[in-house]
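In: Okay, sequence plus prediction incoming.
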Protein chains: 2
Amino acid sequence: MTFVFNERDGCGKCPIRHRAICARCDADELVRLEGLKSYKTIEAGQTIIWRGDDLSHFSSLVSGIASLSRTLEDGRTQMVGLLLPSDFIGRPGRDVVEFDVTAVTDVTLCRFDRKPFEQLVDEIPHVSQRMMEMALDELDAARDWMVLLGRKTAREKIATFLEMIVRRDQTPVHSGGQHVLPLTREEIANFLGLTLETVSRQLSVMKKDGIVAFSDRRHFAITDLEALHAATGDDADGGMII
Amino acid sequence: MTFVFNERDGCGKCPIRHRAICARCDADELVRLEGLKSYKTIEAGQTIIWRGDDLSHFSSLVSGIASLSRTLEDGRTQMVGLLLPSDFIGRPGRDVVEFDVTAVTDVTLCRFDRKPFEQLVDEIPHVSQRMMEMALDELDAARDWMVLLGRKTAREKIATFLEMIVRRDQTPVHSGGQHVLPLTREEIANFLGLTLETVSRQLSVMKKDGIVAFSDRRHFAITDLEALHAATGDDADGGMII
DNA sequence: CAGGAACCTTGATGTAGATCAACCCAGATG
DNA sequence: CATCTGGGTTGATCTACATCAAGGTTCCTG
C-alpha cells in the first residue's frame, strides 16, 4: 500500500536530505541514497500509480499535490488521502499499491529504487522509527476522517475540510488571509463522500452565512473562524493531525 | 493515539512472547519486559481508556474484543477499529489517546509501563520495524474502511462487514460454518455509519435472499458466499487487510 | 416464575442528500 | 472575436436511510 508521511518542516528541497526521512541520521547515512535518486514530473490529472501496480521504487513528493483514492466498479470513487510536498509514496514490505495515486496538480517526484531503500530501513534504526511514527500519525488522521465520513453532515464535512485546508496551508504570510483551494468541486466531493452538487450548495450556504468569502473559484478567505469551527461538529480541542 | 496491531499467528499467550512484538528478536531481548508486565481484566461494556486520557502504559489484548471509537458532542458515535486478541493499545511517541477504547466483551489486558517499552522500541531495531509494518497494515485497513463509509450503500456495508467477520474468524474448525457475531446491532451500526434499525432491516433482507442464516441473534452461517461477496461491491481480488 | 431490562424487529413517516437537468462563466483555441 | 470546453451554480424531484413508534424476544434477578 501507499504510505504517506508528513513533514512540513523540511527544507522543501529533495526529500532525501529531509528531516522527513530521518531527523537523527547524520549526513553520511543519508548520502548513501543520493546517487540513486531520479526526478520525474507528472501532469495534473495523470495517474501516477494504479491500484495493483508493482511498486518498483519509492517516491517522495517534491512539489504539487496528489491524491490517494479507490474507485468501485460502477465509478463511485472515494479519496482516502491527500499527498502534499514531502509526503511519501510506497512502503517497505509490500510491493503492490492498494490505491490509485493521481496528480491533482502538476507534480514532481523524487524517486529511488526499492531495494536500496528497504535496505536503508533495515540498517538504520532511526529510519524505521521515524516511519513508524509517521505511519501512526497517518493512522490517526485516517481514523479522524472515518468519523467525518461515517457520522458528519454535509455542512460539517465541508467546514471540517475548509478548516483542514487552512490548517495545512503553509503559505508563508497568509496573503491577506487568502487560501488556495487545490481541488475541484468533484474532487472535494470524492474526498468527503458527497456529490459535487452538494459541495457547491453547502459552499454557497456558508458564503451566505458569512463564514467564507470566495474571491474566485479557487481562492477563499475565512471570514468567521469561530463560526467555521462551530460548523465542523468537533469539540474545542479536538483536531485532526494532518 | 491508539495503535493496534494484528498478529494472528502468535501463540495466544501473553503477547510479550508474541511474534507480534518482534519475530526476529531473540529470547534475551524479549525477556527484558517480562518482569514489568501485569494483567488486568475489564468487564464488557466498560471503557478502558477515554479519549484524552494519559497513556501511562501499553497494553496488549490477551482475550476478548475491544473497540476504538469517537463520540461527537451530540452523541453520534463512529467506531474506527475493532481490537482482537494480540492487538495493541498505546503508541510510542504520544502520551494521549485520541479515541475511546471500550471493552465489547470481557477483556483481559497484558500491560506494561510506557518508559521501558519506549526504550525497547528505541534500542531494538526489529521492534520499530515490526511496528511500522503493522501500523501500515492498519492504515490500509482504515483506508479500506473509509471507502466503505464514504461510498457504500447500507447493503454493501453489511455484506462487507459479514465478510470481514468471516475472514477474521479464527475458530479452529469453523464449527459447521457457524460464526459468532460479537457486536450488538447498535455497535454494528456505529461501525458502519448506519442506524441500528437499518442494520436490522438489511440483515433481514439478506436472510430472505438466502445469503445468511441466523441460528440465534449472535450466531450465523453464510449460506451463499458468492452472493455475499457480490453484495459487498468490492471487485474479485480486492480485500481488506484486517 | 413474574417482571424487568436490554436487545431486536418491523412499520409508518420524514428528510438530507442524490439525481436529473438547465444554465452560467472563465479560460483555451482556432 | 466566436465558440468550445471544463468546471461551477442553482432548481426540481426522487430515494435511501434516518427517525419515530410499537411490539416481540431473551435473559437476568428477585
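Out: Nice, I can see it. Residues are numbered from 1 along each chain as shown, chains lettered A, B, ... in the order given.
In: Just give me the longest helix of chain A.
Out: When chain A is parsed with DSSP state H, its longest helix is helix A:125-151.
In: quick one: is whichever helix or strand comes after it near chain B?
Out: For helix A:125-151, the following helix or strand on the C-terminal side (DSSP states H and E) is helix A:154-168. No. Using C-beta under 8 Å from any C-beta of the partner chain, helix A:154-168 never reaches chain B; the gap is at least 8.8 Å. C-beta here means a position set from N, CA and C on the backbone, and glycine is covered the same way.
In: Same check on stretch A:75-83?
Out: Yes. Stretch A:75-83 lies within reach of chain B by C-beta under 8 Å from any C-beta, at A:76-78, A:80-81.
In: Now do the same contact list for A:L183.
Out: A:104, A:191 (C-beta atoms under 8 Å, 6 or more residues apart in numbering or on different chains).
In: ok, is the longest helix of chain A in contact with DNA strand C or not?
Out: No. If you take C-beta under 7 Å from any atom of the strand as the test, helix A:125-151 misses DNA strand C, and the best it gets is 9.8 Å.
In: Can you list the buried residues in that helix?
Out: A:125-151 (16 or more other C-beta atoms under 10 Å in any protein chain shown).
In: still on that earlier bit, okay if I get the residues of stretch A:75-83 next to chain B as CSV plus pLDDT and secondary structure?
Out: Listed next are these as CSV, based on pLDDT from 0 to 100; DSSP: H, G, I helix; E, B strand; the rest coil:
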residue, pLDDT, secondary structure
A:R76, 97, coil
A:T77, 97, strand
A:Q78, 98, strand
A:V80, 98, strand
A:G81, 97, strand
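In: which one among those residues gets closest to B:A189?
Out: For the residues of stretch A:75-83 next to chain B, the minimum distance to B:A189 (C-beta to C-beta) is 20.1 Å, reached by A:Q78.
In: and that closest one, what are its bridge partners?
Out: Here A:Q78 sits in beta bridges with A:R70, going by DSSP bridges.
In: That one and A:L192 touch, don't they?
Out: No. Taking C-beta atoms under 8 Å as the definition, A:Q78 is not a contact partner of A:L192, at 9.4 Å.
In: quick one: common contacting residues for the two?
Out: A:149, B:150.
In: Could you save the residues of stretch A:75-83 next to chain B as a markdown table and add columns showing distance to A:L33 and neighbour count?
Out: A markdown table is the format used below for those (distance: C-beta to C-beta, whole Å; neighbours: other C-beta atoms under 10 Å in any protein chain shown):
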| residue | distance to A:L33 | neighbour count |
| --- | --- | --- |
| A:R76 | 39 | 17 |
| A:T77 | 34 | 20 |
| A:Q78 | 34 | 24 |
| A:V80 | 28 | 29 |
| A:G81 | 24 | 24 |
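In: out of those residues, which touch DNA strand D?
Out: Among these, no residue is within reach of DNA strand D (C-beta under 7 Å from any atom of the strand).
In: Mind giving me the packing neighbours of the longest helix of chain A?
Out: Here helix A:125-151 touches strand A:77-83, helix A:114-123, helix A:154-168, strand B:66-71, strand B:77-83, helix B:114-123, helix B:125-151, going by 3 or more C-beta pairs under 8 Å, 6 or more residues apart in numbering or on different chains; DSSP states H and E.
In: gap between that helix and the chain center?
Out: Remark: helix A:125-151 is offset 12 Å from the chain centroid, using C-alpha atoms, centre = their mean, to the nearest Å.
In: Give me the pLDDT for the closest residue to A:D224 other than its chain neighbours.
Out: Leaving aside its chain neighbours, A:D224 sits nearest to A:I211 (5.0 Å; criterion: C-beta to C-beta, 6 or more residues apart in numbering or on different chains). Among the per-residue scores, A:I211 holds a pLDDT of 97.
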